[in-house]
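Colleague: this is a predicted model, with the sequence first.
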Amino acid sequence: MSNLTQKRILLGITGGIAAYKSIELIRLLTKAGAEVQVVLTEGAKAFVTEMTLQAISGNPVRSTLLDPNAEAGMGHIELAKWADLIVIAPASADFMARYTQGMANDLLSTLCIATESPVLIAPAMNQAMWRHPATQANSALLTQRGVLSIGPADGAQACGDIGPGRMSEPADIFTAITHHFQNTMLEQDLVGQHWVITAGPTMEAIDPVRYISNHSSGKMGYALAAAAIARGASVTLISGPVQITAPVGVNLVAVKSANDMLAACEHAMQSQADVFIGAAAVADFKMKMASNQKMKKQSNTDELQLTLVKNPDIIATLAQQKRAKIMVGFAAETQNVIEYAKSKLERKGLDIIIANDVSRSDIGFNQDENQVTVITANKVWEPAKATKSELASQLVHFIHEHSQPSR
């Protein structure tokens with residue numbers, strides 16, 4: 001039985017070309033056993049029709065705040081109480097602004113103000129609108145108030161622009177919804193804790209076109225963030241460039257270089273974090289001086305020499321500064337995995353190190369499964385090979401147990 005069976009989901013659709021994707025989201029939800037009620041804003045009606053949405057959801061579509069038939073029983077209040085979860089997809093910049101201000105001048109905004117149920121938004125707008133300081137402030141304030149969010153995604157937009165602002169795909173929103181209901185059944189033993197997690201690769205510029213990086217997909221770090229959120233932690237995820245969607249509820253900080261990542265970590269951990277997990281694959285070296293212009297091939301030679309210097313050691317720096325109560329590192333090795341990991345644990349002043357053999361083609365970089373060895377000063381634990389999501393849940397549990405005073 002799906003964990004969405006008989007779940008009552010109110011889907012709000014605001015004005016934007018991404019509204020057409022909501023039809024597929026409704027199909028996925030109803031197929032999984034959820035009951036879906038749809039509420040349209042006036043702007044949304046320009047992109048999708050009530051008849052289509054009613055046919056897909058199996059329920060009448062609502063759009064009017066003062067509907068004489070529904071309001072005979074204070075229908076908008078009953079609808080707000082009915083929902084187990086309110087999902088706004090797409091959530092336009094206008095809707096986010098009005099929601100932030102507590103406005104209730106149409107049915108959808110009224111429902112969001114009147115409900116005591118959780119609300120999940122999937123922002124969708126032009127990349128310039130998303131980047132505008134007002135929208136960013138609104139997004140941050142909604143998150144601070146406990147509103148869940150997913151996306152937006154990065155890519156080509158209907159207007160021709162390229163950048164962040166695309167609504168997350170229906171399948172990703174559906175997954176976020178299922179995870180939300182799964183999380184409500186987990187023990188919330190990390191409530192009140194702040195976890196800072198790094199993920200993905202770093203990019204070190206050679207010139208404006210080329211860079212030094214690695215094969216890290218970010219999947220392990222993102223899975224750890226999702227697992228910590230599921231148990232109630234407040235999570236700041238500091239991520240290098242990746243092609244995956246951030247978990248719902250995470251505070252995502254996007255960076256590129258190792259210096260950017262260190263600065264973001266220090267900012268996130270101005271007040272000591274409870275746990276820091278360095279899951280990112282940080283480039284060990286960077287250009288001594290990156291070129292401001294594209295470097296041209298020289299016709300008189302087949303060689304190119306680059307002068308590289310060491311990047312800052314992020315996790316060692318943070319450990320020395322005592323930025324977190326528990327410091328956890330990763331050791332991605334291709335040989336002598338355990339020996340190198342133990343050396344790194346001691347040398348960098350860590351509490352836990354998680355070692356994995358990235359020379360294996362079935363685990364590690366870009367794979368959906370992983371197998372690791374977890375090492376502390378007095379313990380070695382080898383969980384079985386598992387998906388990165390399953391493994392992340394086990395690792396979060398281990399880290400939490402290790403942090404307890406009895407440990």
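Modeller: Everything's here; your move.
Colleague: using PDB, write down the CA coordinates of the strand ranked longest in the chain.
Modeller: Across the chain, the longest stretch assigned as strand under DSSP state E is strand 324-333. Only the C-alpha atoms of strand 324-333 are listed here, as PDB (Å, rounded to 0.1, in the frame of the first residue of the first chain):
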ATOM      1  CA  ALA A 324      30.800  21.900  15.100                       C
ATOM      2  CA  LYS A 325      30.300  19.600  18.100                       C
ATOM      3  CA  ILE A 326      30.800  16.500  15.900                       C
ATOM      4  CA  MET A 327      33.000  16.600  12.800                       C
ATOM      5  CA  VAL A 328      32.500  13.900  10.200                       C
ATOM      6  CA  GLY A 329      34.700  13.500   7.100                       C
ATOM      7  CA  PHE A 330      34.700  11.300   4.000                       C
ATOM      8  CA  ALA A 331      37.700   9.500   2.600                       C
ATOM      9  CA  ALA A 332      37.300   8.600  -1.100                       C
ATOM     10  CA  GLU A 333      40.300   6.300  -1.800                       C
END
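Colleague: list the buried residues of it.
Modeller: Neighbour-count burial for strand 324-333, counted by 16 or more other CB atoms under 10 Å, picks out A324, I326, M327, V328, G329, F330, A331, A332, E333. Just so you know, the C-beta spots here come from the backbone N, C-alpha and C atoms, and that holds for glycine as well.
Colleague: after whichever helix or strand V39 is part of, which helix or strand is next?
Modeller: Secondary structure assignment for V39, by DSSP states H and E: strand 35-40. Going down the chain from strand 35-40, the next helix or strand is helix 50-57, by DSSP H and E.
Colleague: can you give the distance of stretch 241-255 from its chain's centre?
Modeller: 4 Å (CA atoms, centre = their mean, to the nearest Å).
Colleague: same check on stretch 26-33?
Modeller: Averaging C-alpha coordinates over stretch 26-33 and over its chain gives two centres that are 23 Å apart (CA atoms, centre = their mean).
Colleague: only the buried residues of it, if you could.
Modeller: When burial is assessed from 16+ other CB under 10 Å, stretch 26-33 yields the following buried residues: I26, L28, L29, T30, A32.
Colleague: listing request: residues of this structure with sub-threshold pLDDT.
Modeller: Residue ranges of the chain with pLDDT under 70: 1-2, 66-76, 183-186, 361-366, 405-407.
Colleague: would you map out the domains in it?
Modeller: In terms of domains, the chain is parsed into 8-183, 194-293+302-403 (source: automatic domain parsing).
Colleague: ok, the buried residues of stretch 26-33 vs Q54, which is closest?
Modeller: Distance to Q54, by CB to CB, is smallest for I26 among those, at 10.2 Å.
Colleague: make sure that closest one is actually in contact with E35.
Modeller: No - look at I26 against E35 with CB atoms under 8 Å: they stay out of range, at 11.0 Å.
Colleague: tell me the strands beside the longest strand of the chain, with direction?
Modeller: Taking DSSP bridges as the criterion, strand 324-333 sits next to strand 273-278 (parallel), strand 352-357 (parallel) in its sheet.
Colleague: what about A171, helix or strand, and which?
Modeller: In this structure, A171 sits in helix 170-183 according to DSSP H and E.
Colleague: give me the three-state assignment for E401.
Modeller: Applying DSSP: H, G, I helix; E, B strand; the rest coil to E401 yields a three-state assignment of helix.
Colleague: any idea how far Q6 is from it?
Modeller: For E401, the distance to Q6 (CB to CB, to the nearest Å) stands at 35 Å.
Colleague: ok, K348 next?
Modeller: 50 Å.
Colleague: looking at the two, which is more packed in?
Modeller: Taking other CB atoms under 10 Å, K348 and Q6 do not tie; K348 has more neighbours (20 against 10).
Colleague: for the residue nearest to the more buried one when sequence neighbours are not counted, phi and psi?
Modeller: Spatial nearest neighbour of K348, excluding adjacent residues (CB to CB, 6 or more residues apart in numbering): A316 at 4.3 Å. Phi and psi for A316, reported as degrees, to the nearest 10, are phi -70, psi -40.
Colleague: list the contacts of A316.
Modeller: When contacts are counted by CB atoms under 8 Å, 6 or more residues apart in numbering, A316 is found next to R347, K348, G349.
Colleague: neighbours of the first one, how many?
Modeller: Think R347. In terms of burial, R347 registers 10 neighbours under the definition other CB under 10 Å.
Colleague: relative to Y340, how far out is it?
Modeller: Between R347 and Y340 the distance is 10 Å, computed by CB to CB.
Colleague: same deal with the last one?
Modeller: According to CB to CB, G349 and Y340 sit 16 Å apart.
Colleague: same question, the second one
Modeller: Applying CB to CB, the value for K348 to Y340 is 12 Å.
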